[in-house]
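Colleague: got a sequence here, can you model it:
(chains A and B, ligands or ions: 2)
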Amino acid sequence: MTILRLAFQSLWSRKFTSGLTIFSIALSVMLLVGVDRIRRGTQVGFEGTLSQTDLVVGARGGSLPLLLYAVFHIGTANNEISWGSYQHFAHHPAVLWTIPLSMGDSHRGFRVVATDDSFYEHYRYRGDHGIQLDQGTRAEGIFDAVLGSAVAQQLHYHLGQKIVLSHGLEGSFLKHTADPYTVVGILARTATPVDRAIYITLWGDEAMHLGWQNGAPPLQAIPESQIQKSDLQIRTISAFLLRTRSRIGTLFLQREINTYKPEPLTAIIPAMTLEDLWNVLSAADIALSLVSGAVLVVGLLVMLTALYTSLNERRREIAILRTIGLNARQVFTLFILESSLISAVGAACGLAAVYVILFAIRIPVENNYGIPLAMVGLSSRVGYYMACVVGAGALLGFIPAIRAYRNALVDGLNAG
Amino acid sequence: MASIPEAIRLQNVVFGYDPRRPVLRVDEMVVHAGRRVFLYGPSGCGKTTLLGIMTGILQPQQGTVTVLGRELTKMSMSARDRHRGSEIGYIFQSFNLIPYLTVRQNVELPCQVHERRRKHILASTVAEEAERLVRRLALEKHLDRSVKELSTGQQQRVAIARAVIGRPSLVIADEPTSSLDSDRQRAFLDLLFEVCDEARATLVFVSHDRSLMREFDEQLALSEISQVCA
Ligand SMILES: Nc1ncnc2c1ncn2[C@@H]1O[C@H](COP(=O)(O)OP(=O)(O)OP(=O)(O)O)[C@@H](O)[C@H]1O
Ligand SMILES: [Mg+2]
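Modeller: Ligands and ions are numbered 1, 2, ... in the order given. Model prediction:
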């Protein structure tokens, strides 16, 4: 007990060097754990964005791009699916529900997703959370729009607001100026990419492009009031989400879709595609972890240097402790305690910093990059890192401690 | 004389930091309990080394050392450490104090480490005992200051307080006055005698400055005790 107090006071008396050492260890722990937590946070965030969906179906193409644009609004669809094919699978006996998605337009950087009521009914995220309306109603009419919560918040939009959608993504000069949409609803926050999109009806999507030919707007804009659902015909969608009646059905259906003769389609199991994504990213993750590991070694060496260089000044202190009856083992313990305290405090500070930073960047990252970043708790891997840091700190403390022990024995009373 | 118990007895002791080159060779040396003993000898003669042997920090290659009835040469190292901490107060020439502790914490330290020292205080608590001793040595204004802010003389007085707290049976001082001027040497010695009497401790005082030796009950010349010192 006395020795622990001595260790504290000795470190405190060398506030500056102790502080610097703690800082360097905290910094490296922050990097090491931060990389791990951010990776885990994105994983949980991505995985939480979509649940209960068994298959994501799009035109023939890569599975990762399909998942990214259909669910996370990253990238674009290269091809469309015909409405007929969609109808075929929507009414397939093995299918419980489907959600059609048609993308390709935007409003001030936010994606516009055309869908139907099934989105509000069936879409699930983070287990069993469904879509809730915070204000207003679902989009029913051709020119109705429902905003994701982040859209409403960032653009300060409210119900009744008229908005103009532009063709393509941000930077496109083609604006559908003729067809202003009206905000009829705002979704409750989901903390997923759902918040960052504007939802219209499939009719609305077709209306936007009515009279367009080969990707060019009609010469004379058709007035909004003249368009009716009966004039419109839904021809294509970009992708659809699908839930089967049984788990076993999923694999059969996936095969059936992938080999569907009338149209080349791709069906993916979202969890498996995400797994592929993590595997791709794990190489980068390992590289980052190695770098932070190296930084950690530097941090620990800083501690070793600080403790070791203080040894000479402390020979007298050791002699005093010996005369008041501390044995050499207790002197040894004092030094081990000091290095353990430094590394433990450093590790704790680093860990705290990770969570402070994670908490601070979560919303901006989600809003600016559309990457869902969940607050994740501690894991066994973090526990393992922390144990390693404190253990390595204590272990490195052995070097000055052994020196101190030997000084204590050799110097006798003549030190200093 | 025979009725007075012996505090320290060295018998046929040989010690060398390097076993092949002894720096100390003592056939017999006795210090009786309750005496104030002045030990002198030229520099490098082995005075500090002898104190190291008496306190059990150093273990002689030959001979027996008996201190306060315990035969150090037969004890384990940690038993000697315990014995030293609970029975002996030690004062160095200078830099006696742990620099990162306050005056009070330095004085209380032996009581925190050793039960026996804690039990033998005169006041009712360790804190009060530290205050009492510090007041006795006219340092009460500095009780909670860092020892780094004290003058050398003040630091040496704090060292006395730490050596005598919890009334050890033996107080050893290794040239404690050599960093003080002659006026303050006298005052220091008087204080040391007073508190040692109060603790009823045997005092072994090392110095090469023989002007102080008349104040002591007994004078020992290391050159006469140790065959190595010429
Ligand atoms: N830690 C040590 N390792 C090896 N030799 C030592 C050590 N300490 C002292 N010596 C040697 O032992 C001899 C006695 O030293 P000691 O310190 O006991 O002398 P001293 O009488 O106390 O001298 P002074 O009056 O200068 O303090 C010296 O020759 C010294 O060189
Ligand atoms: Mg000496």
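Colleague: stretch A:297-306 vs chain B: in contact?
Modeller: No: between stretch A:297-306 and chain B, judged by C-beta under 8 Å from any C-beta of the partner chain, nothing touches; the nearest distance is 15.1 Å. Bear in mind the C-beta positions are built from the backbone N, C-alpha and C, glycine included.
Colleague: biggest helix in the chain by residues?
Modeller: Chain wasn't specified; assuming chain A. Using DSSP state H, we find that the single longest helix of chain A is helix A:270-313.
Colleague: looking at chain B here, not the other one
Modeller: helix B:182-199.
Colleague: quick one: average pLDDT of the longest helix of chain A?
Modeller: Mean pLDDT, helix A:270-313: 85.
Colleague: which helices and strands does the helix or strand that comes right after that helix pack with?
Modeller: Toward the C-terminus, helix A:270-313 is succeeded by helix A:315-323 as the next helix or strand (DSSP states H and E). Packing partners of helix A:315-323 (3 or more C-beta pairs under 8 Å, 6 or more residues apart in numbering or on different chains; DSSP states H and E): helix A:328-369, helix A:380-411.
Colleague: export those helices as a markdown table, with columns for distance to B:Ile8.
Modeller: Putting those into a markdown table (distance: least, C-beta to C-beta, whole Å) gives the following:
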| stretch | distance to B:Ile8 |
| --- | --- |
| helix A:328-369 | 23 |
| helix A:380-411 | 22 |
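Colleague: ok, for B:Val228, nearest residue in space, not its chain neighbours?
Modeller: B:Arg25 (5.0 Å; C-beta to C-beta, 6 or more residues apart in numbering or on different chains).
Colleague: how about residue 9, what does it touch?
Modeller: Going with chain A. B:Tyr100, B:Leu101, B:Gln105 (C-beta atoms under 8 Å, 6 or more residues apart in numbering or on different chains).
Colleague: hm, I was asking about chain B
Modeller: Applying C-beta under 8 Å, 6+ apart to B:Arg9 gives the contacts B:Glu28, B:Met29, B:Val30, B:Val31, B:Thr64, B:Val65, B:Thr66, B:Val67.
Colleague: at 7 Å instead, please
Modeller: Contacts for B:Arg9 (C-beta atoms under 7 Å, 6 or more residues apart in numbering or on different chains) come out as B:Val30, B:Thr66.
Colleague: spell out whether the helix or strand hosting it and ligand 1 are in contact.
Modeller: Assessed by DSSP H and E, B:Arg9 sits inside strand B:6-15. No: Strand B:6-15 does not reach ligand 1 (C-beta under 6 Å from any ligand atom); its nearest approach is 9.2 Å.
Colleague: buried ones in the helix or strand that comes right after that strand?
Modeller: Note on strand B:6-15: by DSSP H and E, the next helix or strand toward the C-terminus is strand B:24-32. Within strand B:24-32, the residues that qualify as buried are B:Leu24, B:Arg25, B:Val26, B:Met29, B:Val31, B:His32, counting by 16 or more other C-beta atoms under 10 Å in any protein chain shown.
Colleague: spatially nearest residue to the last one, not counting backbone neighbours?
Modeller: By the measure of C-beta to C-beta, 6+ apart, the closest residue to B:His32 outside its immediate chain neighbours is B:Ile4, 4.6 Å from it.
Colleague: you'd agree the one you found is in a strand?
Modeller: No: counting by DSSP: H, G, I helix; E, B strand; the rest coil, B:Ile4 is not part of a strand but coil.
Colleague: okay, now A:Trp83: neighbour count?
Modeller: Residues contacting A:Trp83 under the criterion other C-beta atoms under 10 Å in any protein chain shown number 18.
Colleague: my error: substitute A:Ala344 in the last question.
Modeller: Neighbour number of A:Ala344 under other C-beta under 10 Å is 17.
Colleague: check contacts around the nearest residue to A:Ala394 once chain neighbours are set aside.
Modeller: Nearest residue to A:Ala394, sequence neighbours excluded (C-beta to C-beta, 6+ apart): A:Ser340, at 4.3 Å. The contact partners of A:Ser340, by C-beta under 7 Å, 6+ apart, come to A:Val390, A:Gly393, A:Ala394, A:Gly397.
Colleague: just give the nearest non-adjacent residue to the last one, would you?
Modeller: Okay, so that is A:Gly397. Using C-beta to C-beta, 6+ apart, the nearest residue to A:Gly397 is A:Ser339, at 2.6 Å.
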